[in-house]
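1. Sharing a model that was predicted from the sequence below.
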Amino acid sequence: MIYLDNAATTWPKPRQVVMAIEEVLVHKGGNAGRGGHSAAILATRFIHQAREDLCLLFGTDDPTRVIFTQNATHALNQALFGLLQKGDHVITSSIEHNAVARPLWALKQRGVEVSEVPGIPGKEFDLEAYDKAFRTNTKLVVTLHASNVTGTLLPVQAIGQIAHEHRAYYLLDAAQTAGVLPINLGRLGVDLLAFPGHKGLLGPQGTGGLIIQAGISMVPLLYGGTGSLSEEDRQPDFMPDALESGTLNGPGIAGLGAGVRYLLDEGIDKIRTREQALCRRLWNGLREIPTIKLYGSGPVERRSPIVSFNIGELDSVEASFILEEKAGIIARAGLHCAAHAHRMQGTLEQGTVRFSPSHFTSVEEIEAALQAVKRVVEDL
Ligand SMILES: Cc1ncc(COP(=O)(O)O)c(C=O)c1O
């Protein structure tokens with residue numbers, strides 16, 4: 001099997017991640033923050049260490065403002081429902097994943113005003129249209145960092161700067177870029193960062209988080225036990241307890257922490273260089289094959305490690321089925337939970353086949369994938 005669906009979830013994980021999870025299951029299985037006994041304290045410590053390491057990775061310095069969630073969707077929902085109320089205005093792009101588009105649709109039904117900056121994945125984000133979209137009640141801007149359909153990067157630094165000029169917060173959906181590109185919250189002007197733990201950060205599924213810059217408060221999505229102020233009915237108002245109710249995913253967070261330390265040790269730049277080289281090879285190889293349609297534009301330097309394509313008019317789901325059946329290639333096909341982006345790109349019917357390598361993918365695997373596509377084209 002050749003796994004080329006790392007944009008959905010990375011696999012395999014580094015050995016260190018597997019070992020960290022095993023270590024918790026075997027030796028550190030207490031419930032963090034629940035009681036003063038040594039097992040709880042041990043768990044609280046490694047969870048705190050993971051918060052510290054995430055701060056280091058994202059260039060921020062208050063570990064209490066890193067909250068753990070089940071995935072990026074959960075983090076985005078916490079930020080959107082936590083910040084926006086009836087009468088508020090939010091600006092987004094027209095190429096968002098359903099993890100943003102659906103909460104915003106639901107918020108719209110509750111009286112939140114939503115504006116979409118139109119655009120095509122792969123084309124430049126229209127900063128002028130974006131600047132004009134602000135209103136006096138604009139509270140938040142939310143965009144993805146890289147399209148999960150084409151990998152195209154948005155100009156997040158400019159988006160953040162313009163949001164601040166209009167006194168709005170900027171929430172960045174880093175689902176495709178956390179652990180893939182260097183991200184420094186201060187430099188990019190990001191106020192809230194939603195990230196999955198199970199993609200570029202190399203942790204297990206069931207992990208993710210939200211980083212909230214100082215001075216921003218929001219309503220919790222969940223209320224409940226935090227191990228603190230148990231005598232009070234009211235939810236604690238200090239972080240992270242204010243936004244972290246119920247038992248945390250200890251083994252998962254240990255794995256996520258190990259993934260982050262792996263990235264810090266290896267260096268994101270080194271990983272990025274390798275992933276770019278693999279994508280360049282894929283892109284150039286696919287371009288040579290007759291009938292292949294490639295999506296997005298611009299060099300791999302301005303994309304996350306995703307190459308999206310179609311084989312003539314062949315349905316993308318059928319194409320990926322043939323690729324797996326004939327050559328064991330695992331690729332994502334269809335709409336990738338991002339119908340808005342496909343509508344803008346004109347691929348709502350056909351979808352696209354998406355190859356997303358990781359730095360563990362070998363050059364031989366890339367060549368095998370290209371040969372497999374060639375054979376499908378020849379057999380059509
Ligand atoms: C751009 C984008 N946002 C959000 C998500 C949701 O991430 P998760 O599955 O961790 O909730 C994804 C998942 O692929 C994504 O690509």
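-> Good, I have the coordinates. Numbering: from 1, shown residues only.
2. use CA for all of it now, contacts and neighbours both
-> Will do.
3. Keeping just the C-alphas, turn the lowest-mean-pLDDT helix or strand in the chain into CSV.
-> Ranking every helix and strand in the chain by mean pLDDT, DSSP states H and E puts helix 339-345 at the bottom, with a mean of 87. Extracted C-alpha coordinates of helix 339-345, given in CSV (Å, rounded to 0.1, in the frame of the first residue of the first chain):
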residue,chain,number,x,y,z
ALA,A,339,-18.0,21.9,-1.4
HIS,A,340,-17.6,25.7,-1.3
ALA,A,341,-14.0,25.4,-2.7
HIS,A,342,-15.1,22.9,-5.4
ARG,A,343,-18.0,25.2,-6.4
MET,A,344,-15.6,28.1,-6.9
GLN,A,345,-13.2,25.9,-8.9
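4. wait, does that helix contact the ligand?
-> No. Helix 339-345 lies out of reach of the ligand by C-alpha under 6 Å from any ligand atom, never closer than 10.5 Å.
5. That helix: what's the following helix or strand?
-> Per DSSP states H and E, helix 339-345 leads on to strand 352-355 as the next helix or strand towards the C-terminus.
6. Sheet-wise, list the partners of that next one with their directions.
-> strand 307-311 (antiparallel), strand 332-334 (antiparallel) (DSSP bridges).
7. Save these as TSV, and put in mean neighbour count and distance to the ligand too.
-> Below are the strands paired with strand 352-355 laid out as TSV (neighbours: other C-alpha atoms under 10 Å; distance: least, C-alpha to the nearest ligand atom, whole Å):
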stretch	mean neighbour count	distance to the ligand
strand 307-311	24	13
strand 332-334	23	11
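8. Nearest to Ala7, out of those?
-> strand 332-334 (8.8 Å; C-alpha to C-alpha).
9. so Ser356 makes contact with Pro305?
-> Yes. Contact criterion C-alpha atoms under 8 Å: Ser356 and Pro305 qualify, at 5.7 Å.
10. joint contacts of those two?
-> Ala7 (C-alpha atoms under 8 Å, 6 or more residues apart in numbering).
11. Of these two, which one has the most company?
-> Pro305 (31 against 28; other C-alpha atoms under 10 Å).
12. May I have the secondary structure class of the residue in the chain sticking out farthest from the centre?
-> Distance from the C-alpha centroid of the chain, by C-alpha atoms, centre = their mean, peaks at Glu231 (37.0 Å). Applying DSSP: H, G, I helix; E, B strand; the rest coil to Glu231 yields a three-state assignment of coil.
13. so who does it touch?
-> Contacts of Glu231 by C-alpha under 8 Å, 6+ apart: none found.
14. same check, this time on the one 10 residues further on
-> Under the criterion of C-alpha under 8 Å, 6+ apart, the contact partners of Asp241 comprise Thr226, Ser228.
15. swap the cut-off to 7 Å and go again
-> Thr226 (C-alpha atoms under 7 Å, 6 or more residues apart in numbering).
16. Report the separation between it and Ile289.
-> Per C-alpha to C-alpha, to the nearest Å, Asp241 is found 54 Å from Ile289.
17. would Phe68 count as being in a strand?
-> Yes. Phe68: assigned to a strand according to three-state DSSP.
18. Report how many residues lie close to it.
-> By other C-alpha under 10 Å, the residues close to Phe68 number 26.
19. Give the bridge partners for it, please.
-> Beta-bridge partners of Phe68, as defined by DSSP bridges: Gly209.
20. contacting residues around Pro63?
-> Applying C-alpha under 7 Å, 6+ apart, the residues near Pro63 are Arg51, Glu52, Cys55.
21. most neighbours, which of these?
-> Arg51 (26 neighbours).
22. tell me the SS of that one?
-> helix.
23. isn't it right next to Val66, touching?
-> Yes. Under the criterion of C-alpha atoms under 7 Å, Arg51 makes contact with Val66 at 6.0 Å.
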